[in-house]
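> coordinates for the following, if possible.
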Amino acid sequence: MSTTTRRVASRPGAVGLLSASHPGPAAAVTTIAALLAVAAGLRPLPAVVVTLAVLTGHLTIGWANDLADAARDRAVGRTDKPLVTGRTTTGAVTAALAVAAVACVALSFAAGWRSGLVHLGLGIAWGHAYDLGLKATRFSWLPYALAFGTLPAVVTLAADAPAWPPWWTTAAGAALGVGAHVVNALPDLADDARTGVRGLPHRLGERASRPLAAGLLVAASLLAALGPAGAPAAWVWGALVVVVALAVVALTGRGRAPFRAAMAIALVDVVLLVAGS
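Okay, the predicted model is just below:
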């Protein structure tokens, strides 16, 4: 690659800014919120509003994460991080974060004050607490448990008749969130240790973290499948077989494969939740 080509490739732009938002997890969680809105029977406008609230909230968390981790990412040479490679700038990320934050607050309360308080207070606020330091403590799992566990409530509290969801949806979401946290941390354990980040997966170590994550992901699926009243349909058992296969990937895979498997399990769980509703 020529010098000119390298300069063009590293020039700040919209793609780098989007990449700094952690678009994969944001898209997955937003899809989950949209499907939960369908399951809850929300009218089209409230469904769109609550889905956009979730999207903008997770964009703020992603951008804040890259801003907070920029120095550590440079120290360990993270070439997948746009702020490290120059594909975006601190100013651009900060501006995008501010716009998304304003939109998130407005959309959250437009979905209803109950939904807004739960979303901002138990989801987004704890996500930023994770970015700002909780990720380096033994309580690194807590923001994930709260954010994923309360996501069904963010949706059902935006309905015409606001209500808390069944307990098993909250439990399934919390188990899924903590499982996703553990598998997401696995590829970066060594780099994190070099920069002083010691969350729960780091303290447990990879050997203990992998089976913990797989167990939590399967538990989330079992809650989503068996929580609703009545006997599960035949296809539900087939879905659980798929979940077990994905959990094996989460248990034995390398790189980002375990996290992708966790996100796939999340989508299967949402299908189970929609069917259960």
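> which SS class is Val268?
helix (DSSP: H, G, I helix; E, B strand; the rest coil).
> stretch 25-42: how far from the chain's middle?
12 Å (C-alpha atoms, centre = their mean, to the nearest Å).
> what's next to that stretch, contact-wise?
For stretch 25-42, the surrounding residues in contact (C-beta atoms under 8 Å, 6 or more residues apart in numbering) are 46-47, 50-51, 54-55, 58-59, 62, 151-152, 154-156, 158-159, 165, 263, 266-267, 270-271, 273-274, 276-277. All C-beta atoms are positioned from the backbone trio N, CA, C, and that covers glycine.
> got the domain boundaries for this protein?
Listed by automatic domain parsing, the domain ranges of the chain are 12-165, 166-277.
> turn those domains into a markdown table, columns for mean neighbour count.
Shown next, in a markdown table, are the domains of the chain (neighbours: other C-beta atoms under 10 Å):
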| stretch | mean neighbour count |
| --- | --- |
| domain 12-165 | 19 |
| domain 166-277 | 19 |
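> any chance of TSV for the ones you listed, columns mean pLDDT?
Listed next are the domains of the chain as TSV, based on pLDDT from 0 to 100:
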stretch	mean pLDDT
domain 12-165	94
domain 166-277	86
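> longest helix in the protein, please.
Ranked by number of residues, the top helix in the chain under DSSP state H is helix 44-75.
> what helices and strands are in contact with whatever helix or strand comes next after that one?
Sequence order places helix 82-85 as the next helix or strand after helix 44-75, per DSSP states H and E. Counting by 3 or more C-beta pairs under 8 Å, 6 or more residues apart in numbering; DSSP states H and E, the packing neighbours recorded for helix 82-85 are helix 14-19, helix 44-75.
> out of these, which gets nearest to Ala190?
helix 44-75 (12.6 Å; C-beta to C-beta).
> contact partners for Gly199?
Residues near Gly199 by C-beta under 8 Å, 6+ apart: Lys135, Ala136, Thr137, Arg138, Ser140, Trp141, His181, Ala185, Asp192.
> mind doing that once more with 6 Å?
Shown in contact with Gly199 (C-beta atoms under 6 Å, 6 or more residues apart in numbering): Lys135, Ser140.
> ramachandran angles for it?
Main-chain dihedrals, Gly199, degrees, to the nearest 10: phi -80, psi -170.
> quick one: it from Ala125, how far?
The gap separating Gly199 from Ala125 is 18 Å, by C-beta to C-beta, to the nearest Å.
> which residue is the nearest non-sequential neighbour of Ala92?
Nearest non-adjacent residue to Ala92, counting by C-beta to C-beta, 6 or more residues apart in numbering: Leu17, 5.4 Å away.
> check Pro166 too.
Gly227 (6.5 Å).
> what's the answer for Lys81, then?
Asp73 is the one closest to Lys81 (C-beta to C-beta, 6+ apart), at 4.5 Å.
> just Thr88 next, same as before
Using C-beta to C-beta, 6+ apart and skipping the chain neighbours, the partner closest in space to Thr88 is Gly16 (3.6 Å).
> I'd assumed Thr85 was in contact with the one you found.
No. Here Gly16 lies out of contact with Thr85, judged by C-beta atoms under 6 Å, at a distance of 7.7 Å.
> show me what contacts Ala250?
Here Ala250 is in contact with Val183, Ala213, Ala214, Leu217, Pro258, Ala261, Ala262 (criterion: C-beta under 6 Å, 6+ apart).
> that concludes my questions; thank you for your assistance.
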